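Peer 1: Give me coordinates for this.
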Amino acid sequence: MEWQVIVALVVAIPVILFPAAFVWFLNIGGIVQAVREAKAVREKKLAAATAEK
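Peer 2: This is a model prediction of the structure:
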């Protein structure tokens, strides 16, 4: 490979991968938040059901 191709790859790969990694990070963060909220709702319902008995 010529050096120009290598330089183009070195520049292009981070430009493509960083936004993809950022979007992936945001998606995983949203999933984790949704799971935590669902767990909190489930625990609140369980506590309410236990208090009624």
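
Peer 1: what about the strands in this protein?
Peer 2: Here the chain has no strands by DSSP state E.

Peer 1: Helices along that one, start to end?
Peer 2: Ranges of helices in the chain, per DSSP state H, are 3-52.

Peer 1: Just the CA trace of stretch 23-34, in CSV.
Peer 2: Extracted C-alpha coordinates of stretch 23-34, given in CSV (Å, rounded to 0.1, in the frame of the first residue of the first chain):
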residue,chain,number,x,y,z
VAL,A,23,-24.3,6.3,19.5
TRP,A,24,-23.7,2.8,21.0
PHE,A,25,-22.9,4.3,24.3
LEU,A,26,-26.1,6.4,24.3
ASN,A,27,-28.2,3.4,23.4
ILE,A,28,-26.6,1.2,26.2
GLY,A,29,-27.1,4.1,28.7
GLY,A,30,-30.8,4.3,27.8
ILE,A,31,-31.3,0.6,28.2
VAL,A,32,-29.6,0.6,31.6
GLN,A,33,-31.8,3.5,32.7
ALA,A,34,-35.0,1.8,31.5
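
Peer 1: how far does it sit from the chain's center?
Peer 2: 3 Å (C-alpha atoms, centre = their mean, to the nearest Å).

Peer 1: for that stretch, what is the average pLDDT?
Peer 2: For stretch 23-34, mean pLDDT rounds to 96.

Peer 1: mind starting the numbering at 6 from now?
Peer 2: Yes, from this point I'll number from 6; that puts the last item at stretch 28-39.

Peer 1: who touches that stretch?
Peer 2: Residues outside stretch 28-39 that contact it (C-beta atoms under 8 Å, 6 or more residues apart in numbering): none. Backbone N, C-alpha and C define where each C-beta goes, glycine included.

Peer 1: Which pLDDT value belongs to K58?
Peer 2: For K58, the pLDDT comes out at 64.

Peer 1: what does A53 give?
Peer 2: A53 is assigned 86 on the pLDDT scale.

Peer 1: since we're on it, how many residues are nearby?
Peer 2: For A53, the number of neighbouring residues by other C-beta atoms under 10 Å comes to 9.

Peer 1: G35 too?
Peer 2: By other C-beta under 10 Å, the residues close to G35 number 10.

Peer 1: cool, and I18?
Peer 2: 10.

Peer 1: Since that was my last question, I'll sign off now.
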